[in-house]
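1. Provided below are the primary sequence and the corresponding predicted coordinates.
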Amino acid sequence: MIQKNRESLQHNIKTFIRKGEEYYVAECLDIAVVTQGKTLDETIANLKEAVALHLENEDLSEFGLAPNPTLLVTMELEPTANVT
């Protein structure tokens, strides 16, 4: 397998959190990880654990990731105003 150039490796794992009917749902955009929680704190804790387990004993460069990547979280919020 071809190793990616170290400068081209991502230092962040992009994630997206949205509110479902009963749970918050977190989905990684760069790797195959999806989790949920009843609160934001629980969802983020579950996300950290799920990502750590998914990447455990893996060569991060095969995922296009630099060593010790951080989570970059984007969250969808409910509308704050009804603008017409």
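-> Structure received.

2. before we move on, which element is Ala45 in?
-> Using DSSP states H and E, Ala45 sits in helix 40-55.

3. What's the first helix or strand after that helix?
-> As assigned by DSSP H and E, the chain's next helix or strand after helix 40-55 is strand 65-75.

4. Which elements pack onto that following strand?
-> Packing partners of strand 65-75 (3 or more C-beta pairs under 8 Å, 6 or more residues apart in numbering; DSSP states H and E): strand 10-19, helix 40-55. Every residue, glycine included, has its C-beta placed from N, CA and C.

5. Given that strand, what are its sheet partners and their directions?
-> Counting by DSSP bridges, the strands paired with strand 65-75 are strand 10-19 (parallel).

6. the inter-axis angle of the partner strand versus helix 40-55?
-> If you take axes from the mean of the first three to the mean of the last three C-alpha atoms, to 10 degrees, strand 10-19 sits at 140 degrees to helix 40-55.

7. now strand 10-19, how far from the chain's geometric center?
-> Taking C-alpha atoms, centre = their mean, to the nearest Å, one finds the center of strand 10-19 at 3 Å from the center of the full chain.

8. next SSE after that strand?
-> Next element after strand 10-19 (DSSP H and E): strand 24-28.

9. residues of that following strand that come out buried?
-> Buried positions in strand 24-28, judged by neighbour count with 16 or more other C-beta atoms under 10 Å: Tyr24, Ala26, Cys28.
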